[in-house]
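what follows is a protein structure lacking sequence information:
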């Protein structure tokens, strides 16, 4: 039995090493439900660079340590799977569909006077399960050179299906949540038949197969591959915020924001939001962080660093957003939008929008 | 079990709209990649083993290098370079005076063909190494004879290729399994394969049952590939017994030497040198003040290294025990169990992640009632377990073949003089198998370090590895921020690749 000691030694080494690499976050991210620790654990669909300044500020003010798990997909499913053992105290979402799905499956109610005072009724759940943090508009970006202001002065989403744009539009994967929400709004305004027709025509108008993120669509307009791109407005803000000699800044300057509207509605509005999961181990800390995120101070940081529209009643959007024009957001019901997004996904499958 | 949960998406829609397209694309992608890899890997292996030309010795060594570059990383880089707004097309337009997309045709890298090309270029080493071994060791005498009689092409077609075919097929099966598994590349290039579909259905449409159905279909693909690979290996007719009798290479000069050089240098250039150079340029030309601090590289690198080393060590022990068990008890049942146990290699990470997380979460819910907080479910140990399921086949297969080369009479003799099975293993087998074992473990280490879908899903809170960092940054459209972690990952992967290539 010469190799038994070796195996045993290996196993022990393994255990020690696992403990060693786990140590740093176990030490900080304690999730023993019995004792309120000095930390709060955030699962975030939002990217690190957007939320980290806020967490730093919160940490400075309260001394509560913020641990974050970033992911683009699967966080809701993960919280559901972790169940009672989940360390997640807060979930940050990037889209309405995601938000409502999470609210219906994993969220706890949170009664907070402060949050209710800060965030208008439209931007929070009547059952207090989700609270919006920012509003993001899905708009059209047009090439300054190849599309005249007259051509886009009264642009509607419906007109993106017009024959004149044949082969001139760029858009990301149709199944992306931002697109699904837009198409869901179309379903609410026009019903299934007209929406299907719209999507078939929009597909014909694409300059290339849908691929890449919103930034890639704007880049394609700047490079001349397409003349219009559908994208969330803050992407252009990010590009413009780069130094003047950065190629991304120069690319952004050749593109104009067009606040398109629905023929009988306004500009399509999506939400980023926060949710407290049912089994959050640090509920009190979670409440404090959520309340902080709804304050004017935090909302200002959000708006200034990410060029999104704040939800706080008295925080005004950054100057850049004002330059892009006055906004008349579409007032359709968010829950209905999330419901119709599923229908939109089926239509996209059927017409093979992405192929 | 999962497939029995209610579907959100109508079943008929799933069956008629969703499945056929995803299955067809997957089939096209993996067979395309296999053909590409066979073409590249076999020709490069033949040229560098049967001929001598300037640079052929270096090429022979360096051709496996693309293995250090994960396909998804190559996809990020090539998509960036070959995009309409990317440097290649932009300079072409400037050079030729073209104004708009209507002025010229340029293949779209974000397509099935683009995916096949990139997979072939990064995965061909699997075929190359298998073919190289077969060509240079397999019946060198026979080939020598064929060459004197009928020239080199004939010796290739009539002797070398048939002899190496099983090895090439086994290599190609590995390529197909890797391609079936891929998620990062397919997602980035917009190729909606089964693996991507599983993620999409579960995470974006909230339909676990539909995802599980797709996973079942993927399992069928995986099983078919495994059967293919087993058949190929059963047909392997040469062994290493005449390893000393290496094929004497023929010297090439002039035009022939140039073409041989070009054909074998091109895959190395496109599969390794170009992507690596692009990453180096990117990190060199990036504005350092706009990049994330270097310190952010340190912890993820350590974690990747730790995971790779631990996983490889664990797998080496497990594979040894299993392969030896298979030798001691060669019954049908054992063999079936072992085959089943190593099937994980053909399973997409998405399926493994799902398969582990779900039962654990049920168990976790039970344990949680007793006050044990199961951060366990998503802990590093579970992550390692998932890697083990996924990659056990790598060291196991090599060991199995290694054991097969040790004559059973040796075991019988040893047990007659009263040696226990454990003593036989450590005294007789292990010394002979050390190199094979190390090779398998190193291989597993690379795979673990670059693994994406399992790590994405099962990693604990705040646990970022290099692969995760690359994925997150590239996916957000900041490839320049991903360049440094990518270079570190490639460097870490170079060591195992080097040891592996040295066996050639």
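Right, received. Where do you want to start? Every value quoted in this text rests on a predicted model; they were computed, and no experiment measured them.

what mean pLDDT does stretch B:453-462 get?
Per-residue pLDDT values over stretch B:453-462 give a mean of 81.

how far does it stretch from one end to the other?
According to Cα to Cα, to the nearest Å, stretch B:453-462 extends 17 Å from its N-terminal end residue to its C-terminal end residue.

please apply the same query to stretch A:105-112.
With Cα to Cα as the measure, the first residue of stretch A:105-112 is 21 Å from its last.

what kind of secondary structure is residue 316 in?
No chain in the question, so chain A it is. Applying DSSP: H, G, I helix; E, B strand; the rest coil to residue A:316 yields a three-state assignment of coil.

with residue A:264 instead?
Reducing the assignment to helix, strand or coil with three-state DSSP, the entry for residue A:264 is coil.

quick one: it from residue A:188, how far?
Noted for residue A:264: a distance of 11 Å to residue A:188, by Cβ to Cβ, to the nearest Å. Backbone N, C-alpha and C define where each C-beta goes, glycine included.

which SS state does the residue in chain B positioned nearest to chain A fall under?
With Cβ to the nearest Cβ as the measure, residue B:85 is the residue of chain B nearest to chain A, at 3.4 Å. Here residue B:85 is coil, with the state taken from three-state DSSP.

what about it, how many neighbours?
Applying other Cβ atoms under 10 Å in any protein chain shown, we find 19 other residues in the vicinity of residue B:85.

got it, and the one 4 residues further on?
Taking other Cβ under 10 Å as the neighbour definition, residue B:89 ends up with a count of 20.

list the contacts for the closest residue to it other than its chain neighbours?
Here the nearest residue to residue B:89 in space, its sequence neighbours aside, is residue B:106; by Cβ to Cβ, 6 or more residues apart in numbering or on different chains that works out to 5.9 Å. For residue B:106, the residues meeting the contact criterion (Cβ atoms under 8 Å, 6 or more residues apart in numbering or on different chains) are B:82, B:84, B:89, B:92.

wouldn't the last one be in contact with residue B:105 here?
No - between residue B:92 and residue B:105 no contact is recorded; they are 11.2 Å apart, counting by Cβ atoms under 8 Å.

output the below-cut-off pLDDT ranges for the chain.
In the absence of a named chain, chain A is used. When residues are selected by pLDDT under 70, those of chain A lie in A:1-36.

hmm, I had chain B in mind actually
Low-confidence segments of chain B (pLDDT under 70): B:1-7, B:137-152, B:154, B:235-247, B:287-291, B:361, B:363-378, B:500-504.

domain parsing for it?
For chain B, the domain assignment from automatic domain parsing gives the residue ranges B:1-248+B:258-284, B:286-504.

so which of these gets nearest residue A:297?
Closest to residue A:297 of these, according to Cβ to Cβ: domain B:286-504, at 25.2 Å.

so how far is that closest one from its chain's centroid?
When C-alpha coordinates are averaged (Cα atoms, centre = their mean, to the nearest Å), domain B:286-504 and its chain have centres 12 Å apart.

before we move on, back to that, hang on, isn't the residue of chain B closest to chain A packed against residue A:226?
No - with contact defined as Cβ under 8 Å, residue B:85 and residue A:226 do not form a contacting pair (10.4 Å).

overlap of the contact sets of those two?
The overlap between the contact sets of residue B:85 and residue A:226 (Cβ under 8 Å, 6+ apart) consists of residue A:220.

in which helix or strand does residue B:256 reside?
In this structure, residue B:256 is located in helix B:254-268 according to DSSP states H and E.

following element in sequence after that helix, please.
In the C-terminal direction, the helix or strand that comes right after helix B:254-268 (DSSP H and E) is helix B:274-285.

check whether that following helix contacts chain A.
No - looking at helix B:274-285 against chain A by Cβ under 8 Å from any Cβ of the partner chain, there are no contacts, and the closest approach is 10.8 Å.

helices and strands around that helix, which ones?
Taking 3 or more Cβ pairs under 8 Å, 6 or more residues apart in numbering or on different chains; DSSP states H and E as the contact definition, the neighbouring helices and strands of helix B:274-285 are helix B:71-82, helix B:479-502.

okay, these in JSON lines with mean neighbour count and distance to residue B:447 next?
Formatted as JSON lines, these follow (neighbours: other Cβ atoms under 10 Å in any protein chain shown; distance: least, Cβ to Cβ, whole Å):
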{"stretch": "helix B:71-82", "mean neighbour count": "24", "distance to residue B:447": "12"}
{"stretch": "helix B:479-502", "mean neighbour count": "21", "distance to residue B:447": "9"}
